[in-house]
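Student: Provided below for reference: sequence and predicted model.
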Protein chains: 2
Amino acid sequence: MKESVGKATFAFEVLQKDSATAARLGLLHTSHGDVQTPVFMPVGTAGAVKALPHEWLEDLDAQIILANTYHLYLRPGHERIQRLGGLHRFMSWNRPILTDSGGYQIFSHRELRRLTEEGACFRSHLDGSSHFLSPESVIDIQRSLGSDIMMVLDECTAYPCVYADAEASMKLSMRWARRGHAQWKKKRDDGRQALFGIVQGGIYPELRRRSVELLMECNFSGLAIGGLSVGEPKDVMFEILETVLPLLPSDRPRYLMGVGTPKDLARAVALGVDMFDCVLPTRNARNGSLFTSEGRILIKGARYAEDERPLDPLCSCPVCRRYSRAYLRYLFLTGEHLSAVLNTRHNVTFYLDMMRKIRESIAFNSYGKYLEAMEKWPE
Amino acid sequence: MKESVGKATFAFEVLQKDSATAARLGLLHTSHGDVQTPVFMPVGTAGAVKALPHEWLEDLDAQIILANTYHLYLRPGHERIQRLGGLHRFMSWNRPILTDSGGYQIFSHRELRRLTEEGACFRSHLDGSSHFLSPESVIDIQRSLGSDIMMVLDECTAYPCVYADAEASMKLSMRWARRGHAQWKKKRDDGRQALFGIVQGGIYPELRRRSVELLMECNFSGLAIGGLSVGEPKDVMFEILETVLPLLPSDRPRYLMGVGTPKDLARAVALGVDMFDCVLPTRNARNGSLFTSEGRILIKGARYAEDERPLDPLCSCPVCRRYSRAYLRYLFLTGEHLSAVLNTRHNVTFYLDMMRKIRESIAFNSYGKYLEAMEKWPE
């Protein structure tokens, strides 16, 4: 799928397919550079990946990060960011950025929002001020931000949710998706900013199928799967993925939103997912929950008090090369700023290294083997 | 002054003296490497410079850092640190470390401590547990930590303080200094760990003179000036410095504890001070108060909201090379972890660059000129 010719425009190529699974190797072209897929996007909600300096993100070869329209709209404001030259320039990040629309954030504050056909009224979590976002305005806001990939406004269907409610919610999201798409087409720029639609429908395969059909009526640059990992059992999530993924056009990037654990990622790649984001590596880092080749480590544990080993003997990140578990535990318990910084550096390394291995194993047509090994990872 | 022969032992050399001021260029030899003086020691109270990764400290050419015996004694405990190979190894910092004795910390919690001739009883600020530190035990604890420069236990005389109280307090500190010195000599190692005495006496020149005389009865590796910058007016502080510095032996390093602003440092160097530590650059950074060639900037100011200039146009640190004031302000207001990290990186750069310029101007015998320029710095 090429939106148009030229380096500056958004496009996606599938480079290779694994023969034993639906995993695929791809390349996203954006005006801020190419992104090899499958890719994990570190979350920089408010225009900064929490506790991780940009330089280190670059060293880690983070190819693309995610930022959140909702947060940036409220503070510092998209108009200010536009006056300052757009989000890339404002935050001094010259690689691709995907902006989530903020639907999830608005709807997770149930008491603060009211929904109409027109859009979402909500109160700011910062100062209680009233705001209204429509499917059209979130596109305009994301244009001001200048992100490489924009997302449509959607309602993230709650879990649990009865069929009728999930259906109504999905249909509203699909009408909004169509309006967002129309807004995108209306003020079409030179193809630099892509727009992704989002599949909804809760845990109901039938609704998910219908959602895909409705989205296919528009020509989105890519398709995301939303409303998963919101409390439903794991097997239900994978049942939905197994339903949805075969329905998605193979020439568009597929983005599984807000998922998940290392094992989740490995399994979803096997089903054909190309893009991921999740707060797990960054949030867990700040909570002292660290990913290693031997499973998760809660660094506050007394067992690490005098443990001189690196966090993960198989990891070669600067944190594992330099510091002992004893020191990392101590920093965490002391509440030192450095704790979040070092833990985040390690956890994001873990995720990005995993994605690199995933891409390599697809390139060598041995993804099945990788997945098998990953299934043994003691989550 | 050479404590003994060989690279592994502590020694101090004066390399050059400025002709117009008492400023001097020196070299501290320690078993963890040499330190060019005048030097500023970033404060790493709890075994980590707050919000500043070790790598960046090294890049900045931080030659020596300060850690605090009181904090490390309470958590994680000096015995644990000793079992883990000493403080350098525990925190993975292979350059020199000076450990403050903790006197200042104990005495700043007035309600939590009780003082006797024998030593200090106090309650932990962490869990309220009772502890006792004596002039001897703080030496033993610092031996366990393995710092390159140890400090004696002293009572930091409060301000204001009447003469009689200041005298009693100074005399107690001097008796403690003698006991600490004896303990150091008793368990003399191979000269790797130096011990500094601390001049006290409050704001009374006569008491300060007496304190120096009493300290000179022992053979300390260096002499510190304590109990300043505790609330007294600036001119009183400099009056004391002008009294004390000429009395100190010129072949020993002179360390002004807990001072101060850039201008304070420049003036104190002119009086012959070799070593400094202060929380200003690191603490101010976390509070959004940033040092620049044009004076201090409170980054939260509305005037910076859309200011695309670097923090300090004359600074070439990675923060100034990359980020705008607008982004730094935004990070601070948002409470992003990155704010403290970037601000600290800049402020510590400012202090260490200043010390480098100070050393250069002494080397070129033009310190008077530097000081004159620094006097115009709009503090």
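Tutor: That came in fine, so what should we check first?

Student: Over to residue A:98. Which of the three states is it?
Tutor: For residue A:98, the assignment made with DSSP: H, G, I helix; E, B strand; the rest coil gives strand.

Student: Skipping its backbone neighbours, what lies nearest it in space?
Tutor: residue A:149 (4.0 Å; Cβ to Cβ, 6 or more residues apart in numbering or on different chains). No exception for glycine: its C-beta is placed from N, CA and C like everyone else's.

Student: My read is that that neighbour contacts residue A:220, right?
Tutor: No: the pair residue A:149 / residue A:220 is not scored as a contact, 10.6 Å apart, by Cβ atoms under 8 Å.

Student: Near chain B, which residues of the stretch 251-379 of chain A are found?
Tutor: Taking Cβ under 8 Å from any Cβ of the partner chain as the contact definition, the stretch 251-379 of chain A meets chain B at A:286, A:305-306, A:308, A:318, A:322-324, A:326-327, A:330-331, A:333-334, A:336-338, A:340-342.

Student: what about 7 Å?
Tutor: Within the stretch 251-379 of chain A, the positions near chain B by Cβ under 7 Å from any Cβ of the partner chain are A:305-306, A:308, A:318, A:322-323, A:326-327, A:330-331, A:334, A:336-338, A:340-341.

Student: Now restrict those to buried residues only.
Tutor: Taking 16 or more other Cβ atoms under 10 Å in any protein chain shown as the criterion, what is buried in those is A:305-306, A:318, A:322-323, A:326-327, A:330-331, A:334, A:336-338, A:340-341.

Student: Between the residues you listed, which sits nearest residue A:168?
Tutor: residue A:340 (41.1 Å; Cβ to Cβ).

Student: Look at the closest residue to that closest one other than its chain neighbours and give its secondary structure.
Tutor: Nearest residue to residue A:340, sequence neighbours excluded (Cβ to Cβ, 6+ apart): residue A:51, at 4.0 Å. For residue A:51, the assignment made with three-state DSSP gives coil.

Student: Surely residue A:51 is in contact with residue A:342?
Tutor: No: the pair residue A:51 / residue A:342 is not scored as a contact, 8.8 Å apart, by Cβ atoms under 7 Å.

Student: which one of these two has more residues nearby?
Tutor: residue A:342 (28 against 25; other Cβ atoms under 10 Å in any protein chain shown).

Student: which one is the more buried one nearest to, not counting chain neighbours?
Tutor: Nearest non-adjacent residue to residue A:342, counting by Cβ to Cβ, 6+ apart: residue A:319, 4.9 Å away.

Student: same question, residue A:236
Tutor: residue A:203 (5.2 Å).

Student: OK, contacts around that neighbour?
Tutor: For residue A:203, the contacting residues are A:159, A:232, A:236, A:240, by Cβ atoms under 7 Å, 6 or more residues apart in numbering or on different chains.

Student: And for residue A:10?
Tutor: Contacts of residue A:10 (Cβ under 7 Å, 6+ apart): A:3, A:29, A:30, A:148, A:191, A:192, A:194, A:221.

Student: In chain A, which residue is most central in space?
Tutor: residue A:277 (2.2 Å; Cα atoms, centre = their mean).

Student: which residues sit in contact with it?
Tutor: A:41, A:43, A:66, A:257, A:258.

Student: repeat for residue A:347
Tutor: A:281, A:282, A:284, A:285, A:290, A:291.

Student: Can you flag which of those residues belong to helices?
Tutor: A:281, A:282, A:284, A:285 (DSSP state H).

Student: Give the burial count for the residue nearest to residue A:342, as a bare number.
Tutor: 22.

Student: Touching, it and residue A:346? I think so.
Tutor: Yes: counting by Cβ under 7 Å, residue A:346 is a contact partner of residue A:319 at 4.3 Å.

Student: So for the two, which residues contact both of them?
Tutor: residue A:311.

Student: so where's chain A shaky on pLDDT?
Tutor: A:1-8, A:188-189 (pLDDT under 70).

Student: how about 90 then?
Tutor: Scanning chain A for pLDDT under 90 picks out A:1-9, A:102-115, A:125, A:156, A:158, A:187-191, A:378-379.

Student: report the longest helix in it, please.
Tutor: Chain A, longest helix under DSSP H: helix A:337-363.

Student: ok and that helix relative to helix B:337-363, angle-wise?
Tutor: Inter-element angle recorded for helix A:337-363 and helix B:337-363: 110 degrees (by axes from the mean of the first three to the mean of the last three Cα atoms, to 10 degrees).

Student: about what we covered before: now the residue nearest to the centre of chain A: how far from residue B:97?
Tutor: Here residue A:277 is placed at a distance of 41 Å from residue B:97 (Cβ to Cβ, to the nearest Å).

Student: and the residue at the greatest distance from the centre of chain A, what element?
Tutor: Residue farthest from the centre of chain A, counting by Cα atoms, centre = their mean, is residue A:306 at 36.6 Å. Counting by DSSP states H and E, no helix or strand carries residue A:306.
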